[in-house]
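A.B. asks: When you get a sec, could you give me coordinates for this:
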Amino acid sequence: MSRSLDFVGGLKRKAVAARSYRCSVSSKSGTEFTSNQSFQIELPTIARSYADLANMCLEYEIISSNGIGTLCSSGYDVINRMTISSGGGAVVDDCQNLNLYYNAVLAQNVSHEFMRGYMAEVAGHRGEVGSPLGVDIPASTSNARKIRVPLLHSVATIGKLLPLATSSGLNFTIYLEDYRNALMQANATDAVDYKIRNPRLVFYVTELSPETEALLQQSVQPIGFNMNFTGLACTTDKKSTSIGTMISQLGFRYSSLNKITLLQRNSANSLATTQSQNNRGWFGLTELSFFINGTRYPQQKMVGSVENFGEFLTETFLSNNVLANIYHNSSLNNTAQLTDVAATSAAGTTTANIGASAAAHTNVLRKQIPANSRNYESVEGTFAGTGFRTDQATLDTFNDATPGSAPYGTFLVSYSFENFKTPADDSGLYSGTSTLGSTVTAEMYHTDDSAADLFFFAECDKILSIDALTQNFVVSD
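C.D. replies: Here you go, the predicted structure:
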């Protein structure tokens, strides 16, 4: 704990007189909300207290308004946008399409076991092997289901505790996703709107003794509190049904752009409860590169093909700093179900013949190996037809033994812009690339003629500070 309160690196490591307790802050906008609405949660102001946002969760209860439905994947599905602002109204961070980003983050960073364990018990994932579905939300006449999802972006990436002794607390405005994107059809009846009840942020607070607070305040003078975090932003574009080169203007302008992640979703998956908003496709993306003021990143285009997804995935893992981590987990690919065992007839009715037949069946069964369905290679990432319903779904609904044919896709690609600065450019430190006053574009080449929605997520360095005069939070990027 004392290390997380050391803002300058010079605080002596001695016993810290403090206490820690859990804090739950409810919405100040009301207690019940439906899709396309928003609510606000404002952090409290408490003297000598510091919040642990790195372990903060959003907790809420969900229920159907007048029927039933199924979450596409988890409790993140209902969060479309989150805007974080200071008491003075200045925007600290703002990102749309958060549900798509979180689904991609989980796919590339956590194991199937994590999804079947923690996510199934806490965060609304169904937890069934080979299925991406979330849980069924209760009918309007039943008890609401409680969901708790950890926040993993923006101020939740601050490595220090957040001071709460300010003139006003950080304000979180959360915009809810349209139910036709967040939910899938559970049975023959189409999904209807959902209700969110009692949303709240849950985190731990450390309260210091007056003596320890004085020691900490002395250590941060004269610069005050400065906290680094990773900001997140999203811009979108549309791929037409044509094949060929596509150029997207991204508009990301930051002093330190660290990473861009590209997600591609079939246009048919939008606002359709027979489709999943998290279903992503490759769409024959054979070339990808980014331009900043005419300079190409990387210098040689990232290339891919049906025989080569290695470059895309290698760059993605490099951007997450996990390429050399042999213990890193992901859940990009599922396995297709066992093939059926062919029935055979016994040669006779004697016990020996029946036993031989049973043994033959058993031996054949033992040879059935589930095939890797390679969801990452799914071309179009969409379910066939319009009659999809989760209560009739089988593993074949999502997975296929033929590479590229999986109805459910997990394709994504990230590129890191972090590099060593030269003394002439900057301080010589390893950091992101400056795009201030620059034009950032993406150049792609697709060989598939399906229409798709493209989502570009940018991660950048930001600094959150406390203004010495107003005691409000201010941000620098």
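
A.B. asks: so who does the nearest residue to Asp467 once chain neighbours are set aside touch?
C.D. replies: Nearest residue to Asp467, sequence neighbours excluded (CB to CB, 6 or more residues apart in numbering): Val474, at 5.1 Å. All C-beta atoms are positioned from the backbone trio N, CA, C, and that covers glycine. By CB atoms under 8 Å, 6 or more residues apart in numbering, Val474 lies in contact with Ser86, Ala90, Leu464, Ser465, Ile466, Asp467.

A.B. asks: and if you look at His446?
C.D. replies: With contacts defined as CB under 8 Å, 6+ apart, the neighbours of His446 are Lys239, Ile243, Gly244, Met246, Phe283, Gly284, Leu285, Thr286.

A.B. asks: mind running it again at 7 Å?
C.D. replies: Listed by CB atoms under 7 Å, 6 or more residues apart in numbering, the contact partners of His446 are Lys239, Ile243, Met246, Phe283, Gly284, Leu285.

A.B. asks: wait, the last one sits on Gly304?
C.D. replies: In other words, Leu285. Yes: applying CB atoms under 7 Å as the test, Leu285 and Gly304 come out as touching, 6.1 Å apart.

A.B. asks: Tell me the predicted confidence for the residue nearest to Phe398 when sequence neighbours are not counted.
C.D. replies: For Phe398, ignoring the flanking residues on the chain, the nearest one in space by CB to CB, 6+ apart is Tyr408 at 3.9 Å. Listed pLDDT for Tyr408 reads 96.

A.B. asks: pretty sure Tyr408 is touching Asn278, no?
C.D. replies: No: between Tyr408 and Asn278 there is no contact under CB under 7 Å: 8.6 Å.

A.B. asks: Of those two, which one has the most company?
C.D. replies: Neighbour count, other CB atoms under 10 Å: between Tyr408 and Asn278, Asn278 has more, with 28 against 24.

A.B. asks: Please tell me how far that one sits from Asp52.
C.D. replies: To Asp52, Asn278 is 29 Å away according to CB to CB, to the nearest Å.

A.B. asks: just Asp193 next, same as before
C.D. replies: For Asp193 relative to Asp52 (CB to CB), the value is 34 Å.

A.B. asks: ok, back up a step: pick the one among the contacts of His446 closest to Leu318.
C.D. replies: Leu285 (17.9 Å; CB to CB).

A.B. asks: For the closest one, give me its contacts.
C.D. replies: Gly304, Met444, His446.

A.B. asks: Ends of stretch 37-57, what's the gap?
C.D. replies: 20 Å (CA to CA, to the nearest Å).

A.B. asks: Quickly list what's touching both of Tyr408 and Asn278.
C.D. replies: Taking CB under 7 Å, 6+ apart as the criterion, Tyr408 and Asn278 both touch Pro132.

A.B. asks: which residues of the chain fall in helices?
C.D. replies: 98-109, 112-114, 120-121, 179-182, 210-220, 310-319, 351-366, 395-398 (DSSP state H).

A.B. asks: gap between the closest residue to His328 other than its chain neighbours and Asn109?
C.D. replies: With sequence-adjacent residues excluded and distances taken as CB to CB, 6+ apart, His328 is closest to Val322, at 4.2 Å. In this view, Val322 and Asn109 are 8 Å apart by CB to CB.

A.B. asks: Likewise for Val192?
C.D. replies: Using CB to CB, we find Val192 at a distance of 33 Å from Asn109.

A.B. asks: And stretch 25-36, end to end?
C.D. replies: 22 Å.

A.B. asks: show me the contacts for the spatially most central residue of the chain.
C.D. replies: The centroid of the chain falls nearest to Tyr102 when counting by CA atoms, centre = their mean (1.0 Å). Neighbouring residues of Tyr102 by CB under 7 Å, 6+ apart: Tyr76, Leu152.

A.B. asks: Can you read off the pLDDT for it?
C.D. replies: 98.

A.B. asks: give me the number of residues near the residue nearest to Leu98 when sequence neighbours are not counted?
C.D. replies: Using CB to CB, 6+ apart and skipping the chain neighbours, the partner closest in space to Leu98 is Ile79 (5.0 Å). Other residues near Ile79 come to 22 when the count uses other CB under 10 Å.

A.B. asks: so what's Ile79 bridging to?
C.D. replies: Counting by DSSP bridges, Ile79 forms beta bridges with Leu176.

A.B. asks: same deal with Leu58?
C.D. replies: Val149, Leu201.

A.B. asks: what's near enough to touch it?
C.D. replies: Leu58 is in contact with Val149, Leu151, Pro199, Leu201, counting by CB under 7 Å, 6+ apart.

A.B. asks: where does this structure have low pLDDT?
C.D. replies: Within the chain, the stretches with pLDDT under 70 are 1-3, 8-16, 338-354, 366, 386-387, 420-430.
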